[in-house]
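J.: the following comprises the amino acid sequence and a computationally predicted model.
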Amino acid sequence: MPRVQLPVVTPKRRAWNKGRIIGQKRPLMPKQVWAIRARLELAGNMRDLALFNVAIDSKLRGCDLVTLAVTDLVREDRVRERVSVIQSKTKRPVQFELTENTRNTIAGWINSPEMIGCRFMFPSRFHDRPHISTRQYGRLVRDWVTAIGLEPSGYGTHSLRRTKVAEIYRKTGNLRAVQLLLGHTKVDSTVRYLGVELEDALSIAEKIDI
């Protein structure tokens, strides 16, 4: 009797996004920003507080944020009010402002004993790494939002990048300003990044009562 060759059955792999919320991550609301700040201040976590504040003000991608050097933000022992860095993704410069609160936290952090001899603003606590990794940054963001009762799957590092520009757009409607602050070359990219068409549509719908 001839032997029947059965087809090879490949076991199904679990989808990487099964059970996860994917897509754009939500920006933080102002009250959520202050809630995270308050927790970090109470915990005396100077590095994470400085990282969080710089992330909000700079609007940088995670890969650019974690590689910030002390000399990027500090000149002649003074924290700069405005900073310009080259984005690793686009190789184009982007400028950002540092608020007084952020400058104070940076000053406190760089003058702490932990920062003696450190080149990077956010050094890793692992001796073989000069600065925290983007993965570690992502874990910190997850811990921060979880600590104030938010669902971590709805937030990520881009939440911090979007937070300030989302508030700027909400208050001013100035897409060009947001485009410049994010370092986007095309305003279409800014529209998609903010999801402003959807937000505008929902805002209009909320005002219509029939």
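T.: Perfect, I can see it now.
J.: ok, now how distant is F122 from F96?
T.: According to CB to CB, to the nearest Å, F122 stands 16 Å off from F96. Quick note: C-beta positions are derived from backbone N, CA and C, even for glycine.
J.: looking at the two, which is more packed in?
T.: More crowded of F122 and F96, by other CB atoms under 10 Å: F122, with 24 against 17.
J.: please, which helix or strand holds the more buried one?
T.: Assigned by DSSP states H and E, F122 belongs to no helix or strand.
J.: that one against A69, yeah?
T.: No. In this structure F122 lies outside contact range of A69 using CB atoms under 8 Å: 10.1 Å.
J.: quick one: mean pLDDT over the longest helix along the chain.
T.: As assigned by DSSP state H, the longest helix anywhere in the chain is helix 157-172. Here helix 157-172 scores 89 as its mean pLDDT.
J.: how big is the angle separating the next helix-or-strand element following it from helix 157-172?
T.: Using DSSP H and E, the helix or strand that follows helix 157-172 in sequence is helix 175-182. Per axes from the mean of the first three to the mean of the last three CA atoms, to 10 degrees, the angle that helix 175-182 makes with helix 157-172 is 150 degrees.
J.: if we go by neighbour counts, what in helix 175-182 is buried?
T.: 175, 178-179, 181-182 (16 or more other CB atoms under 10 Å).
J.: okay if I get those residues as CSV plus distance to T163 and pLDDT?
T.: Listed next are the buried residues of helix 175-182 as CSV, based on distance: CB to CB, whole Å; pLDDT from 0 to 100:
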residue, distance to T163, pLDDT
L175, 17, 82
V178, 12, 84
Q179, 16, 84
L181, 12, 87
L182, 12, 86
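J.: let me know the pLDDT of R13.
T.: Listed pLDDT for R13 reads 54.
J.: related to what we said a few turns ago, between the buried residues of helix 175-182, which sits nearest L194?
T.: Proximity of the buried residues of helix 175-182 to L194, judged by CB to CB, is greatest for V178, which lies at 6.7 Å.
J.: next up, the contacts around that closest one.
T.: V178 makes contacts with 165, 168-169, 190, 194, as judged by CB atoms under 8 Å, 6 or more residues apart in numbering.
J.: 6 Å instead, please
T.: Counting by CB atoms under 6 Å, 6 or more residues apart in numbering, V178 touches 165, 168-169, 190.
J.: in space, what's closest to it - neighbours in sequence excluded?
T.: Among residues not flanking V178 along the chain, V165 sits closest, at 4.6 Å (CB to CB, 6 or more residues apart in numbering).
J.: can you give me the strands in this structure?
T.: Using DSSP state E, the strands assigned to the chain run over residues 74-75, 78-79, 82-86, 93-97.
J.: out of those strands, nearest to H127?
T.: strand 74-75 (23.8 Å).
J.: paired strands for that closest one, with orientation please.
T.: strand 78-79 (antiparallel) (DSSP bridges).
J.: can you give the contact residues for the partner strand?
T.: The contact list for strand 78-79 (CB under 6 Å, 6+ apart) reads 103, 106-107.
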